[in-house]
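[1] My questions concern the predicted model and sequence given below.
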Amino acid sequence: MKDKELRKLIGSRARQRRMELNLNQQYVADKMDVNKSTIQRYESGTIDNTKKLVLEGLAETLHVSVEWLRGETEEYEATVTDKRDLMIRDLMTTILGEEQGELEDDQMNFAKDILILMLTEYDLFFDSFRKGCKKLKNSEKENKDIARLMGYDSAKEFNELGFLREVMHSVDTYNDIADVIKTYPSNVQKATDRLKNLLSLYGREE
């Protein structure tokens, strides 16, 4: 393949993947530490995009392989399927890179424990949310009789309450987290102890 054709192919595939992830050129430019106009030219193939550093930068940012960008394979196995996946990864990278700054060790540990508890509960929420959504899809016709026997006005109400029963543990936990944070400025020790107790319920204590 001639260099011009390869540049066009790489640019076309980079644009294809960027559009698939619903990303703008500025996002890619920021990740690669270049100007937006450079990304425009990479995608159009008007400047050399075949260099190793450029290809690796595009591949890492767009979560594809260099081989796919070069047209050496027609398939790519990507765990990132949309912009939300990228936003989650970006946020986690930012969180993990947070510097302690002026926080004391016990303050930083408190903040980290809050994050651990939130993420642990989210993992449980995700599973419960799937089960809850399944209950929302239950046939109202099939649940009509049981809903009436249990005193509900309709099968729809029965299904909705089934959903809420699945996810209420997450609502309760996040309310507990809010209470811990509200307690912190007036009673640090009480807030810290309460947080440790909550973490112990998930086996996350030190």
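    Good, I have the coordinates. The shown structure was predicted, so the numbers you read here are calculated from the model rather than taken from an experiment. Numbering: from 1, shown residues only.

[2] So which elements touch the helix or strand Tyr174 falls within?
    Using DSSP states H and E, Tyr174 sits in helix 155-183. Contacts defined by 3 or more CB pairs under 8 Å, 6 or more residues apart in numbering; DSSP states H and E place helix 155-183 against helix 105-136, helix 140-149, helix 188-201. Every C-beta, even on glycine, is put in place using the N, C-alpha and C of the backbone.

[3] The helix or strand harbouring Glu67: what's the following helix or strand?
    Using DSSP H and E, the element containing Glu67 is helix 66-69. Downstream of helix 66-69, the first helix or strand assigned by DSSP H and E is helix 83-96.

[4] Of all the residues in that next one, which ones are buried?
    Leu86 (16 or more other CB atoms under 10 Å).

[5] measure the closest residue to Leu103 other than its chain neighbours to Tyr184 for me?
    Nearest residue to Leu103 in three dimensions, chain neighbours excluded: Ala111, at 7.2 Å (CB to CB, 6 or more residues apart in numbering). To Tyr184, Ala111 is 10 Å away according to CB to CB, to the nearest Å.

[6] re the thing from before, which of the residues in the helix holding Glu67 are classified as buried?
    Val66, Trp68, Leu69.

[7] Going by mean pLDDT, which of the helices and strands packed on helix 155-183 comes out lowest?
    When these are compared by mean pLDDT, helix 140-149 comes last with a mean of 62.

[8] Show me the domain layout of the chain.
    Domain ranges of the chain: 3-82, 98-201, per automatic domain parsing.

[9] Identify whichever of the ones you listed lies nearest to Met92.
    Comparison of the domains of the chain against Met92 by CB to CB identifies domain 98-201 as nearest, at 9.2 Å.
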